[in-house]
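Visitor: just a sequence and a predicted model for now, questions to come.
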Amino acid sequence: MADQSPAAPPPLPLKIIAGADGFGCPLKDALVAHLKSLGNIDVEDLGTSSYYSIAAEVGRRVSAAGGFPEVRGLVACGTGAGVSIFANKFPGVFAATCLSPADAVNARSINNSNVLAVSGISTPPESAIEILDTWLTTPFKAPCPASNLKPWSDEIESFLDNSLIEMPKIGAASASAAAEEKLAPCALCCLAKSRKLDPIEIIPGGAMKIVRESPTSAIVSFKAGSVEPAHHHTFGHDLLVMKGSKRVWNLTKEAKYDLVAGDYLFTPAGDVHRVKYFEDTEFFIKWEGKWDIFFDEEMEAAKVAIDKEAEDGYQLIK
């Protein structure tokens, strides 16, 4: 008789990137502690911010990871829905809100979910840990509640395999055609046209225009070669580059980021960061509260540090 014992679960993912908004933070912290207790998973906790920015950052990193080691995401908010929506804006991200272990099995089996979204309001930590463990160990195309816990037919397995190939292509053709015909200009770039920016007196080469108050949004430009000395803010901020290129050193995290048009970066409140602009650059920036800036070094010290950046040992994240 053939061996009917269930197949061993797949190896656990080697890295989990986690984040939450204020409503999901306690549950995220409990799940991060559980992940660390397992001992064989590298956990990167991005902390807590607004649900759109933290979920987008988790989604961006999971989207950019690819290959090996496997990287998955964990996001939490009040309902688990908002963080799932924002994480799913990035190609190759399959975020699923799971309120039960059965949801987790279905999400992994049918959708090969690589980002788990949980509800800080509806799900107690004990239940969330069970959901997380189920989501971690359920392989793609496994028998699940949706299949009455029976193996999928060959026809359905083929459909599931093809779906993961086809889903990232949705909208790609129309977007490419629109770009070629210049039918889809960037809304942020249109917002910047014909808008006079005011010089940033304390940083040479920079200019800014506030376009909305509380939450505050602004368009900022810097001339090629400009430098922002190391500084920090009392607020976290989301940044989207519209044109040009720049490098951001996050001194707090000992990381640096090369950004070009279309790239997004979230910098948490209090993180000390330094910036160098390689070209004339414009970007859109959004934050909670009023604008403030606190310098942590002089301009000359910043230029010296940039000249010696090969010695800084910071990890470059592109």
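Guide: Alright, I've got the coordinates.

Visitor: all helices for the protein, in order.
Guide: Assigned helices in the chain, in chain order: 25-38, 51-65, 81-87, 101-111, 125-137, 154-166, 172-180, 187-192, 299-307 (criterion: DSSP state H).

Visitor: how about the ones you listed in JSON lines, adding mean pLDDT?
Guide: Listed next are the helices of the chain as JSON lines, based on pLDDT from 0 to 100:
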{"stretch": "helix 25-38", "mean pLDDT": "94"}
{"stretch": "helix 51-65", "mean pLDDT": "86"}
{"stretch": "helix 81-87", "mean pLDDT": "92"}
{"stretch": "helix 101-111", "mean pLDDT": "93"}
{"stretch": "helix 125-137", "mean pLDDT": "96"}
{"stretch": "helix 154-166", "mean pLDDT": "80"}
{"stretch": "helix 172-180", "mean pLDDT": "52"}
{"stretch": "helix 187-192", "mean pLDDT": "53"}
{"stretch": "helix 299-307", "mean pLDDT": "91"}
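
Visitor: between these, which gets nearest to residue 19?
Guide: Ranking those by distance to residue 19, with Cβ to Cβ as the measure, places helix 51-65 first at 3.9 Å. From N, CA and C alone the C-beta is placed, and that goes for glycine too.

Visitor: restrict the closest one to CA atoms and write it as PDB.
Guide: Coordinates of the C-alpha atoms in helix 51-65 are reproduced here as PDB (Å, rounded to 0.1, in the frame of the first residue of the first chain):
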ATOM      1  CA  TYR A  51      -1.300  52.100   7.600                       C
ATOM      2  CA  TYR A  52      -0.700  53.300   4.000                       C
ATOM      3  CA  SER A  53       3.000  54.100   4.400                       C
ATOM      4  CA  ILE A  54       4.000  51.100   6.500                       C
ATOM      5  CA  ALA A  55       2.000  48.700   4.300                       C
ATOM      6  CA  ALA A  56       3.400  50.200   1.200                       C
ATOM      7  CA  GLU A  57       7.000  49.900   2.500                       C
ATOM      8  CA  VAL A  58       6.500  46.200   3.400                       C
ATOM      9  CA  GLY A  59       4.900  45.600   0.000                       C
ATOM     10  CA  ARG A  60       7.800  47.500  -1.800                       C
ATOM     11  CA  ARG A  61      10.400  45.400   0.000                       C
ATOM     12  CA  VAL A  62       8.700  42.100  -0.600                       C
ATOM     13  CA  SER A  63       8.200  43.100  -4.300                       C
ATOM     14  CA  ALA A  64      11.900  44.000  -4.700                       C
ATOM     15  CA  ALA A  65      13.200  40.900  -2.900                       C
END
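
Visitor: other SSEs contacting it?
Guide: Secondary-structure packing of helix 51-65 (3 or more Cβ pairs under 8 Å, 6 or more residues apart in numbering; DSSP states H and E): strand 15-20, strand 42-48, strand 71-77, helix 81-87, strand 115-119, strand 237-243, strand 264-267.

Visitor: with mean neighbour count as added columns, please give those in JSON lines.
Guide: Written out in JSON lines, the entries for the helices and strands packed on helix 51-65 read as follows (neighbours: other Cβ atoms under 10 Å):
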{"stretch": "strand 15-20", "mean neighbour count": "25"}
{"stretch": "strand 42-48", "mean neighbour count": "17"}
{"stretch": "strand 71-77", "mean neighbour count": "29"}
{"stretch": "helix 81-87", "mean neighbour count": "24"}
{"stretch": "strand 115-119", "mean neighbour count": "28"}
{"stretch": "strand 237-243", "mean neighbour count": "19"}
{"stretch": "strand 264-267", "mean neighbour count": "21"}
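
Visitor: distance to residue 162 for the ones you listed - can I get that in TSV?
Guide: Rendered in TSV, the data for these read as follows (distance: least, Cβ to Cβ, whole Å):
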stretch	distance to residue 162
strand 15-20	27
strand 42-48	31
strand 71-77	22
helix 81-87	23
strand 115-119	21
strand 237-243	33
strand 264-267	30
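
Visitor: which one of those lies nearest to residue 231?
Guide: Distances from residue 231 to each of those were compared using Cβ to Cβ; the shortest belongs to strand 264-267, at 10.7 Å.

Visitor: given the closest one, what are its sheet partners and their directions?
Guide: When sheet partners are counted by DSSP bridges, strand 264-267 sits next to strand 237-243 (antiparallel).

Visitor: helix 51-65 and the partner strand, what's the angle between them?
Guide: What separates the directions of strand 237-243 and helix 51-65 is an angle of 60 degrees, with axes from the mean of the first three to the mean of the last three Cα atoms, to 10 degrees.

Visitor: still on that earlier bit, dump the helices of the chain into CSV; add distance to residue 241 as well.
Guide: What follows is the helices of the chain, written out as CSV (distance: least, Cβ to Cβ, whole Å):
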stretch, distance to residue 241
helix 25-38, 28
helix 51-65, 13
helix 81-87, 19
helix 101-111, 31
helix 125-137, 34
helix 154-166, 30
helix 172-180, 17
helix 187-192, 10
helix 299-307, 19
